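**Q** starting from these lines, generate the structure:
(chains A and B)
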Protein chains: 2
Amino acid sequence: MDRSVYSNVGKKEDTTGIAKRVAQISVSAIKQMPVLASKIEGCISLGQGIPSFGTPSFIRESIVAALKHDEFIGKYSLQPGIPELKLEIAKYLHRTNGINVDPERELFVSCGAMEALAGVISTVVDRGDEVLIPSPNYSSHIEQILFAEGNPVFVPLIEEEGWRLDVAGFRKALTPKTKAILLCNPVNPTGAVFREEDLRAMAEMALERNLFIISDEAYDFLLYDGLPHFSLASIPELKTLLITCKSFSKMYCMTGWRVGYMLTAARIVDQVLKVHDAFAICAPTISQYAALAALKATNGKDGDGDRFIRQLVEALSSRRDIICDRLDGLPHLFSFQRPKGAYYVFPKITHDNENDMDLALRLLHEARVITIPGSGFGPTGAGHIRLSFGAPEKDIHRAFDRIDEWAHLST
Amino acid sequence: MDRSVYSNVGKKEDTTGIAKRVAQISVSAIKQMPVLASKIEGCISLGQGIPSFGTPSFIRESIVAALKHDEFIGKYSLQPGIPELKLEIAKYLHRTNGINVDPERELFVSCGAMEALAGVISTVVDRGDEVLIPSPNYSSHIEQILFAEGNPVFVPLIEEEGWRLDVAGFRKALTPKTKAILLCNPVNPTGAVFREEDLRAMAEMALERNLFIISDEAYDFLLYDGLPHFSLASIPELKTLLITCKSFSKMYCMTGWRVGYMLTAARIVDQVLKVHDAFAICAPTISQYAALAALKATNGKDGDGDRFIRQLVEALSSRRDIICDRLDGLPHLFSFQRPKGAYYVFPKITHDNENDMDLALRLLHEARVITIPGSGFGPTGAGHIRLSFGAPEKDIHRAFDRIDEWAHLST
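**A** Numbering: from 1, shown residues only, chains lettered A, B, ... in the order given. Model (predicted):
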């Protein structure tokens, strides 16, 4: 893989005295494009995956009340999280996916799913271990594996089958050094949703070979056309090998609160908590209160939470339709697989085999539209760009109006 | 060092398949004692370092207002932090310590000082590097060095001179593998404040040998008897080697908000931001707003911030007097150095050369007082316990009444 594509754009690094684990990694292109864009007036972003909606008022109001009266809201929580929140998480998992976890021992609350993912990857990946990872895949996972001095082994997804998991490809990639499989489902950056049959085949392989599966399910609530979400955590035999990381960020438009959680076997929780202790101490208490309010309104009878999630999925489903329609209008530039989940689409650049970094930079400078070059998501991402449809419908239209005009002038 | 003393108390770990960096570390005794204590009714805590005060109302009120009207409060901030907060931090550093930093390039906002510390230690410490560290020292730093697969090299502090830095001892400990020096000042767990002359000598040594100095200054505002705080960051020549981590947690009673910052040379900020990106994405936005409100009230004219800090220092100074008086009444159990900063005292166990872990467990089970065994803070910590005087005066008295009674009955 050409790492320069997603290393600091145009910036020479001085890594004298810097540890190898960090010298070799990069801030992802996802975060770098907005920094480049901040120097250009009036860009429209189809870049970073932030939904345009604010945190819902039923969550904010509960925090306003707590800030007035609760003496604990400013203090450290217990290191693995507030016990009441852990209970509600267990209830939620059981209610929505039939998953049984012991809230005291088999889960902990993290500073977003990212801290849990970085923590568990540092915990199970030793120097030189191989981690199988689909390509394309969320770029931060690649950095997290490299940070642990592991080797990411990329297994291409089958693009023409809607970015399907290539189970046979994973089998072929196994070596004695394979330690874990990392999956993100629904998938950032492709909007794919893996099929239950393929996930079950991956689970079997993990059980046969005693491999950890690390599963990032930040978008588990966000599937379109009534497609059900299949969580690996609903396979009881996998419990000792599976680590599932989930988030409140996307489901309740709480990206900035930094709160998520991990569920896995108690002995792995114990190990990851050491990393959590060294990096975070505890998830922000106020954000844990917010997560608790969110889940109570979802698990409880009043239904604010479920109603909010349903409206969010409907709004994003309609944005998906718009972005797909607009992409349909640009067949000379892109071909694409229709997303089934998350809020990303990952079109292939059909125009002149243009390099994805070049195209992203041209779209930025010439059309003032922020997109993310695909190479940052693994080798199979080359020749693609990631578009987020978290933006309001009007912005999606305006961005595509600009791209249309730009394409008309320059191609 | 006998690591078993501060490894999971009484718990056998199963580390099959766990990476060495994590298998070898432990959740600190500081976090474990409260867990043990949670099984015992009615304990009084002189354990974890949480001041009894809540986050002040001028901070809470600004967040209540923002939650009502601000559409950005629930969203990711820029990865290095909110620009306005970084400006206020730079202003604060200049005003209080005469430190000049470029807020755009030479600092970033972290999930508490802990995330910054773990991040920078992972960034500059490679496998096998030696890090010189005073003993006793805050236990999490030892874990952070071990997590980076570095070797902590303990240099005993001079207890009878108020836990003074032994500069000659540090010189003797230098080897070709020495990569960095880690200092926490004012010191957790001893309450010592290092002398300016000793810190300057350490700085000279770092410059001579091209060593990084990582400086944890979470208690920089909390010195007693009018003692001034000397920050290494006020030595301009040290800029390329010094990484200073500071926190809002203690100064504004915001431990649960998880917000702090790091200042250092731009090229090191760039590297640590990669780790920040992989572990945290950004510090919680709502907590950054709280930190901004805190600093504005401190840098500005209305003086709420300064007034709060002054009252906090006065209250803790009076608690220090109480705990010292009570310790004076137990000369057959303890001798101690009077703390000059932070809210810890680290008495030596004079009674029967009792092991610190045994004494902490006896105090917990027999007197129902939570203390932290000293061995967790490095080898020189053995034979000591750490007492926090963050608790209210009444609780300090009640805890010592129990210890007095226990001592009377059992010694």
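
**Q** what are the contacting residues of the lengthiest helix in chain A?
**A** As assigned by DSSP state H, the longest helix anywhere in chain A is helix A:304-328. The contact list for helix A:304-328 (C-beta atoms under 8 Å, 6 or more residues apart in numbering or on different chains) reads A:51, A:53, A:56, A:58, A:191, A:221-225, A:251-253, A:294-299, A:334, A:336, A:338-339, A:343, A:345, A:347, A:387, A:389-393, A:396-397, A:400. Quick note: C-beta positions are derived from backbone N, CA and C, even for glycine.

**Q** which ones among those map onto strands?
**A** A:334, A:345, A:387 (DSSP state E).

**Q** want to throw these into JSON lines with neighbour count?
**A** Formatted as JSON lines, those follow (neighbours: other C-beta atoms under 10 Å in any protein chain shown):
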{"residue": "A:Phe334", "neighbour count": "23"}
{"residue": "A:Val345", "neighbour count": "24"}
{"residue": "A:Leu387", "neighbour count": "29"}
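
**Q** closest one of those residues to B:Ile235?
**A** Using C-beta to C-beta, A:Leu387 comes nearest to B:Ile235 of the ones in strands among the contacts of helix A:304-328, at 48.8 Å.

**Q** right, and the closest one touches A:Ala342 too?
**A** No - the criterion here is C-beta atoms under 8 Å, and A:Leu387 misses it with A:Ala342 at 11.6 Å.

**Q** show me the domain layout of chain A.
**A** A:3-55+A:306-410, A:57-299 (automatic domain parsing).

**Q** what residues of stretch A:144-162 count as buried?
**A** Buried positions in stretch A:144-162, judged by neighbour count with 16 or more other C-beta atoms under 10 Å in any protein chain shown: A:144-155, A:157, A:159, A:162.

**Q** kindly identify which of these also come near chain B.
**A** Contacts with chain B within the buried residues of stretch A:144-162, counted by C-beta under 8 Å from any C-beta of the partner chain: A:144, A:147-148.

**Q** reformat the ones in strands among the contacts of helix A:304-328 as TSV; add distance to B:Met202 and pLDDT.
**A** As requested, those are exported to TSV (distance: C-beta to C-beta, whole Å; pLDDT from 0 to 100):
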residue	distance to B:Met202	pLDDT
A:Phe334	59	95
A:Val345	55	98
A:Leu387	52	97
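
**Q** and which of those is nearest chain B?
**A** Nearest to chain B, judged by C-beta to the nearest C-beta, of these is A:Leu387 at 18.1 Å.

**Q** just say helix, strand or coil for A:Phe154.
**A** strand (DSSP: H, G, I helix; E, B strand; the rest coil).

**Q** what does the model give it for pLDDT?
**A** Reported pLDDT at A:Phe154 in the predicted model: 98.

**Q** what's across from it in the sheet?
**A** A:Ile133 (DSSP bridges).

**Q** touching, it and A:Thr380? I think so.
**A** Yes - A:Phe154 is within contact range of A:Thr380, at 6.9 Å (criterion: C-beta under 8 Å).

**Q** now do the shared contacts for those two.
**A** A:Ser135.

**Q** so which of the domains of chain A comes closest to B:Met357?
**A** domain A:57-299 (18.9 Å).

**Q** start to end distance for that closest one?
**A** Terminal residues of domain A:57-299 are spaced 17 Å apart (C-alpha to C-alpha, to the nearest Å).

**Q** and stretch A:140-160, by the same measure?
**A** By C-alpha to C-alpha, one end of stretch A:140-160 lies 25 Å from the other end.

**Q** now it: how far from the chain's centre is it?
**A** Here stretch A:140-160 shows a centroid-to-chain-centroid distance of 14 Å under the convention C-alpha atoms, centre = their mean, to the nearest Å.

**Q** give me the low-pLDDT residue ranges for chain A?
**A** A:1-12, A:29, A:302, A:411 (pLDDT under 70).

**Q** tell me where it has helices.
**A** A:20-23, A:29-37, A:57-69, A:83-97, A:112-124, A:139-147, A:167-173, A:196-209, A:266-279, A:285-299, A:304-328, A:356-367, A:393-410.

**Q** ranking the ones you listed by burial, who's on top?
**A** Neighbour counts (mean count of other C-beta atoms under 10 Å in any protein chain shown) averaged over each of those peak at helix A:112-124, with a mean of 28.

**Q** now it: how far from the chain's centre is it?
**A** 13 Å.

**Q** touching chain B at all, that helix?
**A** Yes - counting by C-beta under 8 Å from any C-beta, chain B is contacted by helix A:112-124 at A:112, A:114-115, A:118-119, A:122-124.

**Q** got the angle between that helix and helix A:139-147?
**A** Orientation check (axes from the mean of the first three to the mean of the last three C-alpha atoms, to 10 degrees): helix A:112-124 against helix A:139-147 gives 30 degrees.

**Q** identify the residues contacting the residue nearest to A:Ala118 when sequence neighbours are not counted.
**A** Leaving aside its chain neighbours, A:Ala118 sits nearest to B:Phe279 (4.4 Å; criterion: C-beta to C-beta, 6 or more residues apart in numbering or on different chains). Shown in contact with B:Phe279 (C-beta under 8 Å, 6+ apart): A:111, A:114-115, A:118-119, A:279-280, B:115, B:118-119.

**Q** same deal with A:Leu107?
**A** By C-beta under 8 Å, 6+ apart, the residues touching A:Leu107 are A:80-81, A:86, A:89-90, A:101, A:261-264, A:269.

**Q** picking that back up, could you dump the domains of chain A to a markdown table with distance to B:Glu405?
**A** Conversion of the domains of chain A to a markdown table gives the following (distance: least, C-beta to C-beta, whole Å):
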| stretch | distance to B:Glu405 |
| --- | --- |
| domain A:3-55+A:306-410 | 51 |
| domain A:57-299 | 29 |
